[in-house]
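# Show me the folded form of this:
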Amino acid sequence: MTKTYVITGGTDGIGAAVARALFWRGDHVIVIGTDPKKGDRLIQEASSAPGSAAFVPADL
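The predicted structure follows:
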């Protein structure tokens, strides 16, 4: 069963690592972060993974 996860601060460090682990295992990840370039990079990585990713720009 595919699950959806929301990760704040998910474009760098531990957040990005968790996002990668989740979309590579087939889940959908919504990444919230401040840097659109880093968010786009994660979305590109997810395009070849079994799961998927989306980026929401926000400064929390």
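# so where do the helices sit in this structure?
Here the chain has its helices, by DSSP state H, at 13-24, 36-46.
# So which of the ones you listed is nearest L60?
helix 13-24 (11.9 Å; Cβ to Cβ). For the C-beta atoms, the positions are set from N, CA and C on the backbone; glycine is no exception.
# Now find how far off-centre the closest one is within its chain.
6 Å (Cα atoms, centre = their mean, to the nearest Å).
# Compute the inter-axis angle for it and helix 36-46.
With axes from the mean of the first three to the mean of the last three Cα atoms, to 10 degrees defining the directions, helix 13-24 sits at 30 degrees from helix 36-46.
# Check which residues of helix 13-24 are buried.
15-16, 18-20, 22-23 (16 or more other Cβ atoms under 10 Å).
# nearest to A54, of the helices of the chain?
Of the helices of the chain, nearest to A54 by Cβ to Cβ is helix 36-46, at 7.1 Å.
# List the contacts of that closest one.
With contact meaning Cβ atoms under 8 Å, 6 or more residues apart in numbering, helix 36-46 is reached by 10-12, 16, 19-20, 23, 29, 31, 33, 52-55, 57.
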